[in-house]
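Asks: Sequence below, structure please.
(2 chains)
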Amino acid sequence: NAGVTQTPKFQVLKTGQSMTLQCAQDMNHNSMYWYRQDPGMGLRLIYYSASEGTTDKGEVPNGYNVSRLNKREFSLRLESAAPSQTSVYFCASSESLVLSYGYTFGSGTRLTVV
Amino acid sequence: RKEVEQDPGPFNVPEGATVAFNCTYSNSASQSFFWYRQDCRKEPKLLMSVYSSGNEDGRFTAQLNRASQYISLLIRDSKLSDSATYLCVVGRGNKLVFGAGTILRVKS
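Replies: Numbers count the residues shown, from 1 in each chain, chains lettered A, B, ... in the order given. Next up is the predicted model:
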């Protein structure tokens, strides 16, 4: 049981380049999330998808776009990477937006923008 | 002010010690509460949910005080393997809000 799988695990981009972070879950969860984690800041929500076909902005959406491709997959795209987007990115999923169950996280993508 | 505040630590304790972490949250509309554990360079993992009546899971005890907007985690008989960052997490609306975490180092 893989849980939540993120690719790639590491990435270095030059300023202005674009890339897509991939996330897939095999737990038949309805809701999926993208967070970034920076030192001393805690995890901050970028975008989330309550269910297949819907996406909503979180706390820090600027510079990002998302696609909920199907129930399993939720991708995060950086159209023009900036050094401020250097961070660790985590994808997570939950059975529903009812928060009693908490989230299951992927292992993260460490992104450096130079 | 951050919505979820934690003492960043680090807490350096010997094996076998009892250690307590505290957390405060600012939004009284918060509905659900958790402690997550995060090992170095790994993803956060759910440690336990926190209920108003208090709850225990082995060596771990969590307490919630809604009136004071305060959450605690007590770890008894600390093990080397408990060394990690502990994240206080609050559910509000349809999202989880994470504290920046408290670092615990258990030493032999």
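Asks: wait, what's in contact with residue 69?
Replies: Using chain A here. A:Ser75 (Cβ atoms under 8 Å, 6 or more residues apart in numbering or on different chains). Every residue, glycine included, has its C-beta placed from N, CA and C.
Asks: sorry, should have said chain B
Replies: B:Gln69 neighbours (Cβ under 8 Å, 6+ apart): B:24-26, B:28, B:30.
Asks: Buried subset of those as a PyMOL selection?
Replies: Command for PyMOL that selects the buried part of the contacts of B:Gln69, burial taken from 16 or more other Cβ atoms under 10 Å in any protein chain shown:
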select buried, chain B and resi 24+25+30
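Asks: hang on, isn't B:Ser52 packed against B:Arg66?
Replies: Yes. Using Cβ atoms under 8 Å, B:Ser52 is in contact with B:Arg66, at 6.1 Å.
Asks: for the least confident helix or strand in chain B by mean pLDDT, packing partners?
Replies: Using mean pLDDT, DSSP states H and E, strand B:95-98 stands out as the lowest-scoring helix or strand of chain B, at a mean of 88. For strand B:95-98, the packing partners by 3 or more Cβ pairs under 8 Å, 6 or more residues apart in numbering or on different chains; DSSP states H and E come out as strand A:42-49, strand B:84-92.
Asks: Turn those strands into TSV, columns for mean pLDDT, mean neighbour count and distance to A:Pro83.
Replies: Below are the helices and strands packed on strand B:95-98 laid out as TSV (pLDDT from 0 to 100; neighbours: other Cβ atoms under 10 Å in any protein chain shown; distance: least, Cβ to Cβ, whole Å):
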stretch	mean pLDDT	mean neighbour count	distance to A:Pro83
strand A:42-49	94	22	17
strand B:84-92	94	24	25
